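**Q** below: sequence and its predicted model.
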Amino acid sequence: MPRSGWVKPVSDRLLSDVVSVGLLTRVFPASLVDEVIAECGRREQRSRSLTARVTAYFSIGMALNSQGSYEEVFEELTDGLSWSSGWSQSWSPPTKSAIFQARSRLGYEPVRELFRRVARPLADAETPGSWLAGRRLVALDGTCLDLPDTPANAEHFGRPASSRGEKSAFPQARLVALAECGTHAVFDAAIGSCRTSERELSHDLMDTLAPGMLLLADRGVYGFDMWTRAAATGADLLWRVKSTLSPRHVETLDDGSWLAQIIPTSGKNRRQRTPLTVRVIDYTLDDGRENPEQYRLLTTILDPSDATAEELALAYAQRWEIENTFDELKTHQRGPRAVLRSKSPPLVQQEIWGHLCCHYAIRTLMRDAATAGGHDPDRMSFVAALRIDRRSLSHSSFSPS
């Protein structure tokens, strides 16, 4: 609804000239937003009140108020407007239809590229829980997100089968991400249909790995070709595998771990492939159960003097930090709304990339606060930081033109 008493100044400034987006502009500067929009070919050919820049920030801002309507989200983004004098006519916020059309013009590519240009690991050398033997702990995992039940979403993303063999009530998108364990910062991600496996989507993320990282991954990721590709990046690996996987024993080490050789478990001429040497750590967790779960880990760290079997087993437990990261995204940031709001595949992807941008901005704030206070960033309250960010939207203006 129009705000009573608000009138447009006698000026050729557009609404987009004074929109506020608070914290988001610190992490995603307007100059970078413009650059990415131009590279993606989304720059406007004519003057609009809802420019591509404003719409990009709106796509991220939606994640800060996932329960609000389009109009409510936009009002939060523009709540800090400061108009000059000389008002002559009433001003009305953009309608839901206008915002939807602006989102459709923008597409998902600029928001995705914004995330990829900015997102990176955040821990420094002093950040607790971030390192093992000089290697940055990062984790790979996936999750699924429920989508509005529209024909377009169902066709593009598919539906998972229910336990009774029936189709799920909602289409689902699959999200696979790389996250830093010590800060929960997601620094790369891939989005696909629920019909696409986590392992297949994980292939798209391997090139993001770099020397000095130690990648933690669960049983569903392992495959000889995936291991080979990930190891070729220079990153070290610590992956859980099925206990039925039986590498060829080479040598037992002093800490109880053992060196072994792995080859492909399927495929033509698999025995002609060059074997790879790995280190195997077998252990159980004494959690009081009658039949404790068996763990088998493979790692590229071959020398126990770099990291003992016990240190590696303890480090693998940090993989659960990415599960906590998904909980932050799905339970707290998204809120009680179980289903995303977008009804077409391009806008679904825009919304998910917006959520990832928003989460990264929040985690950047938390890292800065933790560093200043000498705290562990993954022990700080994400919910409290989210509330602060929601309040901060209207307290920092910028010129989007």
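**A** Cool, got the structure.

**Q** helices of the stretch 1-150 of the chain, residue ranges please.
**A** Under the criterion DSSP state H, counting those that start in this stretch, the stretch 1-150 of the chain carries helices at the ranges 24-27, 30-39, 52-64, 70-77, 96-106, 109-118.

**Q** and the ones you listed, which is most packed in?
**A** Ranked by mean neighbour count, these are led by helix 52-64 with a mean of 26 (mean count of other Cβ atoms under 10 Å). Just so you know, the C-beta spots here come from the backbone N, C-alpha and C atoms, and that holds for glycine as well.

**Q** sorry, back to before: quick one, which of the helices of the stretch 1-150 of the chain is nearest to residue 226?
**A** Closest to residue 226 of the helices of the stretch 1-150 of the chain, according to Cβ to Cβ: helix 109-118, at 21.5 Å.

**Q** for the closest one, C-alpha coordinates in CSV please.
**A** Output of helix 109-118 as CSV, limited to C-alpha atoms (Å, rounded to 0.1, in the frame of the first residue of the first chain):
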residue,chain,number,x,y,z
GLU,A,109,23.0,-16.1,-13.7
PRO,A,110,23.9,-12.7,-12.2
VAL,A,111,23.1,-13.8,-8.6
ARG,A,112,25.0,-17.1,-9.2
GLU,A,113,28.0,-15.2,-10.5
LEU,A,114,27.9,-12.7,-7.6
PHE,A,115,28.2,-15.6,-5.2
ARG,A,116,31.0,-17.2,-7.2
ARG,A,117,32.9,-14.0,-7.4
VAL,A,118,32.7,-13.2,-3.7
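
**Q** low-confidence regions, the chain specifically.
**A** 1-22, 45-49, 78-92, 163-167, 267, 287-288, 336-337, 378-381, 383-401 (pLDDT under 70).

**Q** longest helix in it, by residue count?
**A** In the chain, assigned by DSSP state H, the helix with the most residues is helix 345-373.

**Q** name the helices or strands packed onto it?
**A** When contacts are defined as 3 or more Cβ pairs under 8 Å, 6 or more residues apart in numbering; DSSP states H and E, helix 345-373 packs onto helix 24-27, helix 52-64, helix 96-106, helix 109-118, helix 151-157, strand 172-180, strand 186-193, helix 382-392.

**Q** how far off centre is the fifth one?
**A** Helix 151-157 sits 22 Å away from the centroid of its parent chain (Cα atoms, centre = their mean, to the nearest Å).

**Q** one more: the second one?
**A** Offset of helix 52-64 from its chain centre (Cα atoms, centre = their mean): 16 Å.

**Q** picking up where we left off before, do you know which of the helices of the stretch 1-150 of the chain lies nearest residue 342?
**A** helix 96-106 (8.2 Å).

**Q** what's in contact with the closest one?
**A** 37, 42, 48, 50, 52, 54-56, 58-59, 69-71, 74, 94, 344, 346-347, 350 (Cβ atoms under 8 Å, 6 or more residues apart in numbering).

**Q** go again using 10 Å as the cut-off
**A** Helix 96-106 has contacts (Cβ atoms under 10 Å, 6 or more residues apart in numbering) with 37, 40, 42, 44, 48-56, 58-59, 62, 69-71, 73-74, 93-95, 111, 342-344, 346-347, 350-351, 354.

**Q** and the strands in the stretch 251-400 of the chain?
**A** Taking DSSP state E, counting those that start in this stretch as the test, the strands found in the stretch 251-400 of the chain are 258-262, 276-284, 294-299.

**Q** by contact count, what packs against the second one?
**A** So the one you mean is strand 276-284. Helices and strands touching strand 276-284, by 3 or more Cβ pairs under 10 Å, 6 or more residues apart in numbering; DSSP states H and E, are helix 224-231, strand 236-240, strand 248-252, strand 258-262, strand 294-299, helix 309-316.

**Q** looking at the ones you listed, which is buried most?
**A** Taking mean count of other Cβ under 10 Å, strand 236-240 is the most buried of the helices and strands packed on strand 276-284, at a mean of 23.

**Q** then that strand to PDB, C-alphas only?
**A** The C-alpha coordinates for strand 236-240 follow below in PDB (Å, rounded to 0.1, in the frame of the first residue of the first chain):
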ATOM      1  CA  ASP A 236      44.200 -33.600   0.600                       C
ATOM      2  CA  LEU A 237      41.300 -35.900   1.000                       C
ATOM      3  CA  LEU A 238      39.700 -37.600   4.100                       C
ATOM      4  CA  TRP A 239      36.600 -39.500   2.900                       C
ATOM      5  CA  ARG A 240      34.500 -42.100   4.600                       C
END
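
**Q** show me what it is packed up against.
**A** Against strand 236-240 (3+ Cβ pairs under 10 Å, 6+ apart) you get strand 135-146, strand 213-217, helix 224-231, strand 276-284, strand 294-299, helix 309-316.
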